[in-house]
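Trainee: Dropping a prediction and its sequence here:
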Amino acid sequence: MTKTSGSDNVLCGRLLLIDHDAACARQTSAELTEALLVAPQITHAGTGREAADHLRKLRYDVIICELASLGDLAANVEDAMSRLVRLANGALILAVADSGSVSAALGAMRAGAHDYLAKPAGGSTLAGRLAELAQRHGRPRSLGVEVTPEPEISDYAGFVGASSAMQFLYEQIGRVAASAAPVFITGESGTGKDVCAEALHSRGPRAGNRFVAINCAAIPRDLMESELFGVVRGAFTGAHEDRKGAAELADGGTLFLDEVGELDLSLQSKLLRFLQSGCLSRVGETAARKVDVRVICATNRNPMQMIADRQFREDLFYRLHVLPIHLPPLRQRPSDIMLLTRHFLARYAQEEHKSFSDVTPDAAQRLTAADWPGNVRQLQNLVRRLVVMFDGGQITTDMIEAADIESRVSTPAPVEAPRCEKRTVLPMWQQEQRIIEEAIATFGGNISMAAAALEISPSTIYRKRQSWSELAAAG
Ligand SMILES: Nc1ncnc2c1ncn2[C@@H]1O[C@H](COP(=O)(O)OP(=O)(O)OP(=O)(O)O)[C@@H](O)[C@H]1O
C-alpha cells in the first residue's frame, strides 16, 4: 500500500470509525494507519449510538462513517447524519455507502457529511480522500499538518456565518454578482434567500441602481400583473393613473421575484416573454417598453416537483435557472449557531437598552443541538424574545425554555420508529431525476461536481435532462 506524501499528511489527530462490522473496521484501521505517515488515534464505534457517546466525551478531528451503521440513530440516513453532524463539533465527516445506495449517500451529504465514498473503500483511498477534504476545508487541529487555512470570513454583505458552507456561499455570491444572468436561489424558509438577493445586488455592478423586490405569494392574483409590469390609467376599475410596475422601477438595477413558484401560469408565460425579449407592456397598453433588469428569483419549494406537478413552466424554469444558489439549512452548519446567537443578542440588547453578558455553556449546547426547522429566522426570533423578556445577564437554559414558544429548541425531534405506510411509488425516471437534481442542488448547481459525486459523466446528466423534458412534454 502506498503512503500519502508528507504534504498530504493531514489526518493525524483523533479519528472515529463507525462500522457495525468489527472485522472490516479492524482492517480499515490497519490500512489507514499504514497509509498515513503519522498514525491517527483510531476509536471504533459499532453503532450510531456508541459513536454519539464517544462524541459527547471527546472531540474528534475526523469521522469515517459506514452509513448502514447509523440505523439506531434515526429512521433514515439523512436524519441520522444530521444528528451525527450536530455532535461532531466540526469534525470532517466522510460517509461510506454501499455502491448501490446513491440516495443514502446524497442524503448524508445533504445532512452535512463533507464527502462520501462507495464501498469497498480501502485504506489508501480513504487516506487520499481525507487529504483532499482537509485541503478543501482546512483542518487546523490535525497534527503535523502543513495546511494553511483560508482566512475565515464571519460576516459578508448582511450574512453572519463562518462555516465552510457559508464560505462557499460568499465565494459563490462574489463570483455570480458580476454577471447579468438570472440567479435562482433555493433554500428552506428562513435560510436567508432575501439576504442573498440583496447581497448579489449590492456586490454587483448594478448596486448604484434600484433593487426592487416583489413577493409573488403576497400579492393577490388579479393585481400581480399590474404590480409586476405596471398599468395605464383606466385599464381596470381603480386604475386611476399610469403606474410603473416592479420591472420598470428596477430598470438598470435588479428585480427580485421572491416565491416565484407562486406566480400563476398565465403570468409565467408573460414573464417568460419578458425575459426573452427584454420588453414589457403595462396592463392596458399594447406598446412594448424596453427594460434592462437583472432578474433574481427565489423559492423555498422544490422547483422540479413543481414542474412535475405542472405548477411551474419548465421553459421558464430553465430561463431563470441559469446561476443557481442553494442556501444550506442552519442544522447543517451548527458551528454558525453561536455566532448568530451572539450577533442577534448584541443587536437586540442595544435596541432594547439592555446588557447581556453571554450564554452559559449548557444553553449554548442546547442551542447548538437544536434542529431549527425555521432556520435563522427562528433563532433570531428566539433571541429577540429572550432580550425582551429578561433584564440582562447570562442566557441560561431556563430562560431559553421560557422564551421558546415554538417548543422546538428545547425538545430536539424524537427519533421516530419506521412506520409502515402506504406510499406512492414514482416511476423510475422520476426517482432518477429527483436523485440527480438533488445532487445538482447539493453542489450549488455545479453539474460536474454532481456528476463526479454520482460517479456518472456530466454528459449523462445533460442527456437525461433532455429526455426528462421530452417525457414531461409527452406526459
Ligand atoms: N446568515 C445570516 N446572518 C444574519 N441574518 C440572517 C442570516 N440568514 C438569515 N438571516 C435573517 O433571518 C431572517 C430571514 O431571512 P430571509 O427573509 O432572507 O429568509 P428567506 O430564506 O428569504 O425566508 P422565506 O423563504 O421565508 O422568505 C431575516 O431577518 C434575515 O436578516
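Mentor: Yes, it's here.

Trainee: Domain map for this structure?
Mentor: For the chain, automatic domain parsing gives the domain ranges 6-137, 159-328, 331-403, 428-474.

Trainee: Lowest average pLDDT across those?
Mentor: Among the domains of the chain, domain 428-474 has the lowest mean pLDDT, at a mean of 72.

Trainee: Touching, residue 15 and residue 25? I think so.
Mentor: No. Checked against Cβ atoms under 8 Å, the pair residue 15 and residue 25 is beyond contact range at 11.3 Å. Where C-beta positions appear, they are placed from N, C-alpha and C, glycine not excepted.

Trainee: Compare the two and say which is more crowded by neighbours.
Mentor: Between residue 15 and residue 25, counted using other Cβ atoms under 10 Å, residue 15 has the larger neighbour count: 27 against 20.

Trainee: And what about that one, helix, strand or coil?
Mentor: strand (DSSP: H, G, I helix; E, B strand; the rest coil).

Trainee: Give me the distance between it and the ligand.
Mentor: 31 Å (Cβ to the nearest ligand atom, to the nearest Å).

Trainee: Then residue 430?
Mentor: Counting by Cβ to the nearest ligand atom - residue 430 and the ligand are separated by 25 Å.

Trainee: how far is stretch 327-338 from where the chain is centred?
Mentor: How far stretch 327-338 lies from its chain's middle: 9 Å, per Cα atoms, centre = their mean, to the nearest Å.

Trainee: again, but for stretch 62-75
Mentor: Put simply, stretch 62-75 sits 21 Å off its chain's centre (Cα atoms, centre = their mean).

Trainee: First-to-last residue distance for it?
Mentor: Stretch 62-75 has an end-to-end distance of 24 Å (Cα to Cα, to the nearest Å).

Trainee: Just the endpoints, please. Distance across stretch 106-122?
Mentor: 21 Å.

Trainee: 117 is where my numbering starts, stick with that
Mentor: OK, 117 is where the count begins now, so the last one is stretch 222-238.

Trainee: Counting neighbours, which bits of that stretch end up buried?
Mentor: By 16 or more other Cβ atoms under 10 Å, the buried positions in stretch 222-238 come out as 222-233, 237.

Trainee: Where do the helices of the stretch 367-516 of the chain begin and end?
Mentor: With DSSP state H, counting those that start in this stretch as the definition, the stretch 367-516 of the chain shows helices at residue ranges 381-393, 419-424, 430-436, 453-467, 477-485, 491-505, 513-519.

Trainee: related to what we said a few turns ago, closest to residue 170 among the buried residues of stretch 222-238?
Mentor: Comparing these against residue 170 with Cβ to Cβ places residue 229 closest, at 17.3 Å.

Trainee: So that closest one, which state does it fall into?
Mentor: Criterion first, three-state DSSP; result for residue 229: coil.

Trainee: Tell me who's in contact with it.
Mentor: 181, 197, 201, 209-211 (Cβ atoms under 8 Å, 6 or more residues apart in numbering).

Trainee: same thing with residue 366?
Mentor: 325-328, 407, 409.

Trainee: what does this protein put close to the ligand?
Mentor: 275-277, 303, 305-311, 416, 456, 492-493, 496 (Cβ under 6 Å from any ligand atom).

Trainee: Just the buried residues out of those, in PyMOL syntax.
Mentor: Burial among these is assessed by 16+ other Cβ under 10 Å; the matching PyMOL selection reads:
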select buried, resi 275+276+277+303+306+307+308+309+310+311+416+456+492+496
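
Trainee: Which two of the residues of the chain next to the ligand have the greatest separation?
Mentor: 276 and 416 (20.2 Å).

Trainee: Quick check: the gap between the nearest residue to residue 138 once chain neighbours are set aside and the ligand.
Mentor: Leaving aside its sequence neighbours, residue 138 sits nearest to residue 162 (Cβ to Cβ, 6 or more residues apart in numbering; 6.5 Å). Relative to the ligand, residue 162 is positioned 37 Å away (Cβ to the nearest ligand atom).

Trainee: How about the backbone phi and psi for residue 162?
Mentor: phi -90, psi -20 (degrees, to the nearest 10).

Trainee: just curious, which of the contacts of residue 366 is nearest to the ligand?
Mentor: In terms of Cβ to the nearest ligand atom, no member of those lies closer to the ligand than residue 327, at 13.4 Å.

Trainee: Identify the residues contacting that closest one.
Mentor: Contacts of residue 327 by Cβ under 8 Å, 6+ apart are 313-314, 317-318, 366, 369-370, 372.

Trainee: what about the residue nearest to residue 138, distance to residue 399?
Mentor: Residue 162 sits 67 Å away from residue 399 when distances are taken as Cβ to Cβ, to the nearest Å.

Trainee: Can you give me the distance of the residue of the chain found nearest the ligand to residue 281?
Mentor: Residue nearest to the ligand within the chain: residue 308 (2.9 Å; Cβ to the nearest ligand atom). From residue 308 across to residue 281, the span is 12 Å (Cβ to Cβ).

Trainee: Quick one: neighbours of residue 139, just the number.
Mentor: That count, for residue 139 with other Cβ under 10 Å as the rule, works out to 8.

Trainee: oh sorry, the question was meant for residue 295
Mentor: Residue 295, neighbours per other Cβ under 10 Å, totals 14.
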